[in-house]
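J.: This is a predicted model, with the sequence first.
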Amino acid sequence: MALSLQTYVKLANFYNEMTRVLSAICVEKGGIALENYVGRFFAADVLEYIVEYGHRLKKAGAKITPEIQSVMDLFEKQFENVKSLVTPNQKPIYEMTLEEFEKIMNI
C-alpha cells in the first residue's frame, strides 16, 4: 500500500468514529467504564497502527500540514496512555528466550 496523507486522514476518521461507537456500547452495556470494556484492546491496536503509519509518512517525506501534525501529536499522546494494551508482536523462535518460548508454547 502506498503511503498517503489521504489514507492517514481516513484512518484517523475511522479511529474517531470507532471510539464514539465503543463509548456508546459501554453506555448500552450498563455504563461500564471504557477501561473495563474488552474492545479497548482492539482500539489500542488500531491506534498503534495509525501512529506507526504517521511515522512512516514522516520518514517518506510527505508534506504534512500543521493540522495533520496536530492530529498526529494527539494520537501519539493517546497511544502513550494505552501502550500496555496492544497485542504483543511475535518474535521469531530463534530470537526468543527460553521463558518466552515456553510461554508461547504453553509449557
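T.: On my side now, so go ahead. Residues are numbered from 1 along each chain as shown.
J.: Pull out the buried residues from the longest helix seen in the chain.
T.: Using DSSP state H, we find that the single longest helix of the chain is helix 5-28. Buried residues in helix 5-28, counting neighbours by 16 or more other Cβ atoms under 10 Å, are found at Tyr8, Leu11, Ala12, Tyr15, Thr19, Leu22, Cys26. For every residue, glycine as well, the C-beta is placed using N, CA and C.
J.: out of those residues, who's nearest Gln69?
T.: Gln69 has its nearest neighbour among the buried residues of helix 5-28 in Tyr8, at 11.0 Å by Cβ to Cβ.
J.: From Phe101, how far out is that closest one?
T.: Going from Tyr8 to Phe101 by Cβ to Cβ, to the nearest Å gives 37 Å.
J.: hang on, the earlier thing: which elements pack onto the longest helix of the chain?
T.: helix 40-59, helix 66-82 (3 or more Cβ pairs under 8 Å, 6 or more residues apart in numbering; DSSP states H and E).
J.: just so I know, which of those helices lies nearest Gly30?
T.: In terms of Cβ to Cβ, the element of the helices and strands packed on helix 5-28 nearest to Gly30 is helix 40-59, at 16.3 Å.
J.: Can you point out the buried residues in the closest one?
T.: Neighbour counts over helix 40-59 (16+ other Cβ under 10 Å) mark Arg40, Ala43, Ala44, Val46, Leu47, Glu48, Ile50, Val51, Tyr53, Gly54, Leu57 as buried.
J.: Leaving out the residues flanking it, which one is nearest to the last one?
T.: Right, the one you point to is Leu57. Spatial nearest neighbour of Leu57, excluding adjacent residues (Cβ to Cβ, 6 or more residues apart in numbering): Leu3 at 5.4 Å.
J.: Which members of the buried residues of helix 5-28 define the maximum pairwise distance?
T.: Top of the distance list for the buried residues of helix 5-28 (Cβ to Cβ): Tyr8 and Cys26, 27.1 Å.
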